[in-house]
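A.B. asks: okay, structure incoming, though there's no sequence with it:
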């Protein structure tokens with residue numbers, strides 16, 4: 001175990017030969033269009049990419065930053081569960097079998113990003129509801145040609161702004177969603193691997209058919225997270241089908257307005 005931690009420490013202290021990511025210094029337009037990554041795509045088209053061609057991960061996205069924060073929240077959740085068990089045991093004879101909640105620890109670790117992802121999805125759904133309403137006004141304007149001409153230009157410009165904004169927000173939603181999913185899997189996998197290093201020989205023999213294979217006990221848990229899709233978070237799963245659900249009331253509202261007219 002000491003040798004494993006020593007190797008991890010040596011890896012952490014090794015100098016980084018990768019280049020810093022230009023995403024930090026890129027402009028807003030470059031981040032939205034991913035033009036800062038165009039050079040790597042062009043280089044990969046001409047020849048196979050090498051390690052020196054890639055960029056270093058952002059510090060906030062690396063395992064050195066994500067794993068310690070999640071481990072801190074997990075320890076808080078374990079202590080909170082133990083204190084609650086002691087309090088219940090002092091009043092009741094039956095022991096409390098409540099276990100620490102992994103989802104609660106994940107929520108405390110990534111709640112700011114998850115809320116941001118949820119807000120992006122809400123704004124995108126609002127804009128998707130607004131587009132048919134603008135199109136309805138454009139159809140009414142075409143049917144009544146006696147109206148002022150500037151109304152049509154206004155409706156066209158408003159529709160362009162709404163659709164363009166919806167595309168940008170959905171792009172940011174997908175980006176933060178996939179990034180949060182990768183952080184969650186990194187944090188959980190890091191905690192599982194660290195727990196495996198602390199297992200006793202008896203526990204290892206129970207979990208592994210071959211003595212000394214540290215990778216065996218956590219393989220099913222790691223694979224379950226690694227094989228999960230990008231929409232890991234419950235907020236993303238709930239919002240993935242919200243567009244189809246949000247289109248139904250929009251169509252009903254539009255049909256009702258047409259029937260009234």
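C.D. replies: Sure, I can see it. On a predicted model such as this, the values are computed, not experimentally measured, just so you know. Residues are numbered from 1 along each chain as shown.

A.B. asks: find the nearest non-adjacent residue to residue 183, please.
C.D. replies: In space, and not counting its chain neighbours, residue 183 is closest to residue 66: 5.1 Å by CB to CB, 6 or more residues apart in numbering. (Each C-beta comes from the backbone N, C-alpha and C, glycine too.)

A.B. asks: quick check: the one you found is in a helix.
C.D. replies: Yes. The assignment for residue 66 (DSSP: H, G, I helix; E, B strand; the rest coil) places it in a helix.

A.B. asks: quick check: the gap between it and residue 60.
C.D. replies: Counting by CB to CB, to the nearest Å, the separation of residue 66 from residue 60 is 8 Å.

A.B. asks: so those two - more neighbours on which side?
C.D. replies: Neighbour totals were compared for residue 66 and residue 60, and residue 66 leads with 20 against 11 (other CB atoms under 10 Å).

A.B. asks: give me the distance between the more buried one and residue 102.
C.D. replies: Distance, residue 66 to residue 102, by CB to CB: 15 Å.

A.B. asks: repeat that for residue 167.
C.D. replies: Distance from residue 167 to residue 102, by CB to CB: 35 Å.

A.B. asks: for residue 56, same thing?
C.D. replies: Here residue 56 is placed at a distance of 30 Å from residue 102 (CB to CB).

A.B. asks: contacts for the host helix or strand of residue 42?
C.D. replies: Using DSSP states H and E, residue 42 sits within helix 38-46. Residues from elsewhere that reach helix 38-46, judged by CB atoms under 8 Å, 6 or more residues apart in numbering: 49, 53-55.

A.B. asks: just the terminal-to-terminal distance for stretch 32-50.
C.D. replies: Using CA to CA, to the nearest Å, the end-to-end distance of stretch 32-50 comes to 26 Å.

A.B. asks: what ranges does this structure have for its helices?
C.D. replies: Under the criterion DSSP state H, helices of the chain are mapped to 2-13, 28-33, 38-46, 63-91, 102-143, 149-197, 201-207, 215-226, 234-240, 242-260.

A.B. asks: could those be laid out in a markdown table, adding mean pLDDT and distance to residue 22?
C.D. replies: Shown next, in a markdown table, are the helices of the chain (pLDDT from 0 to 100; distance: least, CB to CB, whole Å):
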| stretch | mean pLDDT | distance to residue 22 |
| --- | --- | --- |
| helix 2-13 | 41 | 24 |
| helix 28-33 | 83 | 8 |
| helix 38-46 | 89 | 9 |
| helix 63-91 | 86 | 20 |
| helix 102-143 | 90 | 22 |
| helix 149-197 | 88 | 16 |
| helix 201-207 | 66 | 44 |
| helix 215-226 | 54 | 29 |
| helix 234-240 | 47 | 28 |
| helix 242-260 | 48 | 33 |
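
A.B. asks: distance to residue 21 added to these, as TSV?
C.D. replies: Below are the helices of the chain laid out as TSV (distance: least, CB to CB, whole Å):
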stretch	distance to residue 21
helix 2-13	19
helix 28-33	11
helix 38-46	10
helix 63-91	14
helix 102-143	18
helix 149-197	13
helix 201-207	38
helix 215-226	24
helix 234-240	24
helix 242-260	31
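
A.B. asks: of all those helices, which lies closest to residue 19?
C.D. replies: For the helices of the chain, the distance to residue 19 is smallest for helix 38-46, at 10.4 Å, taking CB to CB.
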